[in-house]
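**Student:** Show me the folded form of this:
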Amino acid sequence: MTSIHNLGEIIPRDFSPQAIWLTEIAADDSVRHITVGEFHADADALARGLLARGLKRGESVGILAGNSAEYLLAYFGIMRAGLVAVPINYKVPQATVEHILADAEVKMVLVDEAWQHLAGDLPQVRMDLPEQWRNLLDAGPFTPLPMAEEEYATILYTSGSTGLPKGVPLTHGGYVWAAELMRDSLPPMTDKRVLVAAPLYHMNGLILSALSGMTGGNVVLMRQFSAIRYLETAAAHRCHVLTSVPTMIAMAVREPETIERLDLSCVEKLIMGSAPLSEALFDRAGEIFPNAMISNSWGTTESSPVAFGPHPDGVAIPKLSLGYPGGHTEMKLLDGPDENQGVLWVRNKAVMPGYLNRPEETEKSIKDGWYNTGDIMRRDEAGFIFFVGRADDMFVCGGENIYPAEVERLLEKHPGIAQAAVIPIPDEIKQHIPVAFVVAKPNAAPTVDEIKQFALANGPAYQHPRFVAVLAELPLAGTNKIDRRALFAHAEANFNR
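**Tutor:** Alright, predicted model coming up:
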C-alpha cells in the first residue's frame, strides 16, 4: 500500500527546497518563480489557515479563479487540511456556478476579483489581493491529515454538454494510486520544464501540473492562453514538455510567421488529450516540433488517465493510437459489431464512487465497479486502442451511424483545412444530416463545394456534410475544447431547412 495517504501530499518534501517548482507567466509576460520550499511552506500555511477559520474535515472549499501559482497552492493546501477542493469553471453561466456551489455544499470560496460576484454570499478570500491571501495563510509546521482511501479529495465537474454539469468525486486512495502509477511510468523529469496553459479547473491542467511537481519538473504556467504566446513561451523558456488540448495546438499551427521565427527544438514531448486528435494535426505538430515525441493521451475525470500505456514487448505505438491496455486497468468493449469495437468500460482503483447527488446517473454509468466511459473504441490486430467517437455524439443519417470525430478527421485531411467540427441537424427524410464548420489554413481558401466534393471522394457518401460554413475560428468553451453548443446555435440560425 502506498505510504501517502493524502492527495495534497503527492509532491515530495525531500526535493531541494531551492529547486524551482513553478514559473508563472503573466499576461504581460512578466515572470514569477516559486521554489519547492516556498510551495510546501505556503500549502501548509493555507491548510493551517483554513482549519483556523473553523472548516471541518470533509467540508468543501471552492476555487473560482484564473490560472495562477496561488491556484495550485490552494488546491494542494485544501486537500492537505482534509478538506475537499472544488475547482469551478468561471466561464459557465452564473446559474451553473450557483448549482455547483450548492451541489458540492461549498463552505468557502477562494476567488479572483473578476469572478467574485459568482460566489454570492459565501465567505470569500481574494487570491489576487496579496493582503487578503497572506492573511489567510497561517505559517508554521503542518502534518497533512492522513485520509481514508474512500474519503473525497476533490470534486471536479463535467463540462455538461447537456444539462447541468455533474460532480465527480475523486478519492484520496484512488487518485494517489493513479498519480503514483503515472509518475512511475514517466521518464525522469528532474529539471524539465513543463508548459501548462489549459485552465486549472480542468483535469488536463491539474493532473499535468501535479505530475510535473511529483517528478521534479518545473511547471511553466501560463495565466492566459493565446496561440502565439503559447509558442513564444515554449521557445523563450526552453520548455521540454508541452501539454495541451488538441484545439490549442490546432490554433498554434495556424501561426506560421510566429513558428518560423522561433526555435522550438527544445520540445521533447508534446502531450495532447481531452479531445479527439486528427492525423493531419498530428503530422503538422510533428513538423513544428521536430524533436518531440507526440502522444495522444486519453483519460476521463471519472476514471483517471491510466488505462493505456506502452506495449509490453516494446512495439511502437501507432499514430493516433491511445496506447496498449495497461495491466493495472481492466477494460472491455461492449455493444459493438464484434469484440474489437464497442463502448469502452473500465475498472480500476481510481474509478469514481459515483456522481455526486446523482443516483440515477450513477446507476447508468457504474456497474460492479465498472465505468461506462461512453467512448467508442476499436482494437487493432496488435491490441492497440483507437478512439472512434462518443456514443452520445453518434447520430443516424439514412440508417447509417455517423460519428462526428470520424468526419472531422476526414475533412482535416483536406490540404486547405486546419480544423473541422461536425454536428448533426434534424432532417425529415434522413433523420439527421451532418453539417461542418471548418477553419482554413493560412493562405488557403477552400470553397464550400470543394469541401463537399473532397468528403464525397474520400469517405462514404452518407458522411459528407450537407452544409458547410468556413469560419475564421471555431468557438471555444471554457475548457479550450470546441463549443458545440455555439455551433448548434449557428446551425439553427443559418442552416434551418
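**Student:** For the rest of this, base every contact and every neighbour count on C-alpha atoms.
**Tutor:** Noted.
**Student:** packing partners for the helix or strand harbouring V219?
**Tutor:** For V219, the host element (DSSP states H and E) is strand 218-222. With contacts defined as 3 or more CA pairs under 8 Å, 6 or more residues apart in numbering; DSSP states H and E, strand 218-222 has these neighbours: strand 20-25, strand 193-196, helix 203-214.
**Student:** need the strands for the stretch 351-497 of the chain, in chain order.
**Tutor:** For the stretch 351-497 of the chain, the strands defined by DSSP state E, counting those that start in this stretch occupy 366-367, 370-379, 385-390, 395-397, 400-402, 417-427, 431-440, 467-471.
**Student:** for V343, helix, strand, or coil?
**Tutor:** strand (DSSP: H, G, I helix; E, B strand; the rest coil).
**Student:** State the distance from it to M394.
**Tutor:** Distance, V343 to M394, by CA to CA, to the nearest Å: 12 Å.
**Student:** cool, and G54?
**Tutor:** For G54 relative to M394 (CA to CA), the value is 49 Å.
**Student:** mind exporting the strand holding V219 as PDB, just the C-alpha atoms?
**Tutor:** Output of strand 218-222 as PDB, limited to C-alpha atoms (Å, rounded to 0.1, in the frame of the first residue of the first chain):
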ATOM      1  CA  ASN A 218       9.300  22.800 -13.300                       C
ATOM      2  CA  VAL A 219       5.800  23.800 -14.200                       C
ATOM      3  CA  VAL A 220       5.700  26.800 -16.600                       C
ATOM      4  CA  LEU A 221       2.200  28.100 -16.000                       C
ATOM      5  CA  MET A 222       0.500  30.500 -18.400                       C
END
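**Student:** Please work out which residues outside that strand touch it.
**Tutor:** 20-27, 67-69, 190-197, 209, 212-213, 230, 239 (CA atoms under 8 Å, 6 or more residues apart in numbering).
**Student:** One more: stretch 317-329?
**Tutor:** Here stretch 317-329 makes contact (CA under 8 Å, 6+ apart) with 277-279, 282, 295-298, 306-311, 331, 346-348, 383-387.
**Student:** rerun at 6 Å
**Tutor:** 296-297, 307-311, 347-348, 384-386 (CA atoms under 6 Å, 6 or more residues apart in numbering).
**Student:** How about stretch 435-444?
**Tutor:** With CA under 6 Å, 6+ apart as the criterion, stretch 435-444 contacts 416-423, 465-473.
**Student:** I'd like the average pLDDT over it.
**Tutor:** Taken as a whole, stretch 435-444 carries a mean pLDDT of 92.
**Student:** Give me the distance from that stretch to the chain's centre.
**Tutor:** Distance of stretch 435-444 from its chain centroid, counting by CA atoms, centre = their mean, to the nearest Å, is 25 Å.
**Student:** returning to that earlier point: Serialize the strands of the stretch 351-497 of the chain to CSV and add fields for distance to G62.
**Tutor:** Shown next, in CSV, are these (distance: least, CA to CA, whole Å):
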stretch, distance to G62
strand 366-367, 26
strand 370-379, 26
strand 385-390, 30
strand 395-397, 37
strand 400-402, 39
strand 417-427, 33
strand 431-440, 36
strand 467-471, 36
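**Student:** one step back: between V343 and M394, which one's more packed in?
**Tutor:** Neighbours per residue (other CA atoms under 10 Å) separate V343 from M394, with V343 holding more: 21 against 16.
**Student:** what's the pLDDT at the nearest residue to the more buried one once chain neighbours are set aside?
**Tutor:** Excluding its sequence neighbours, the residue lying closest to V343 (CA to CA, 6 or more residues apart in numbering) is I376, at 4.4 Å. Note for I376: predicted pLDDT of 93.
**Student:** before we move on, what about T162?
**Tutor:** At T162, pLDDT is 53.
**Student:** Tally up the residues packed near the closest residue to L200 other than its chain neighbours, please.
**Tutor:** Nearest residue to L200, sequence neighbours excluded (CA to CA, 6+ apart): L206, at 5.3 Å. Residues lying near L206 (other CA under 10 Å) number 18.
**Student:** For the longest helix seen in the chain, give the mean pLDDT please.
**Tutor:** In the chain, taking DSSP state H as the definition, the longest helix is helix 36-52. Throughout helix 36-52, pLDDT has a mean value of 97.
**Student:** Can you pull the domain assignment for the chain?
**Tutor:** Split into domains by automatic domain parsing, the chain comes to 7-224, 308-390, 395-494.
**Student:** Show me the helices in the stretch 251-400 of the chain, by range?
**Tutor:** 256-261, 279-288, 359-365 (DSSP state H, counting those that start in this stretch).
**Student:** Quick one: closest of these to I482.
**Tutor:** Comparing those by their distance to I482 (CA to CA), the top pick is helix 279-288, with 15.1 Å.
**Student:** what packs against the closest one?
**Tutor:** Using 3 or more CA pairs under 6 Å, 6 or more residues apart in numbering; DSSP states H and E as the contact test, no helix or strand touches helix 279-288.
**Student:** in it, what's buried?
**Tutor:** Along helix 279-288, these residues count as buried under the neighbour rule (16 or more other CA atoms under 10 Å): 280-282, 285, 288.
**Student:** Could you tell me how far V241 is located from A179?
**Tutor:** When V241 is compared with A179 (using CA to CA), they lie 18 Å apart.
**Student:** list the contacts for A148?
**Tutor:** Here A148 is in contact with no residue (CA under 6 Å, 6+ apart).
**Student:** returning to what we had before: export the helices and strands packed on strand 218-222 to a markdown table and tack on distance to Q94 and mean pLDDT?
**Tutor:** Listed next are those as a markdown table, based on distance: least, CA to CA, whole Å; pLDDT from 0 to 100:
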| stretch | distance to Q94 | mean pLDDT |
| --- | --- | --- |
| strand 20-25 | 28 | 96 |
| strand 193-196 | 27 | 96 |
| helix 203-214 | 21 | 90 |
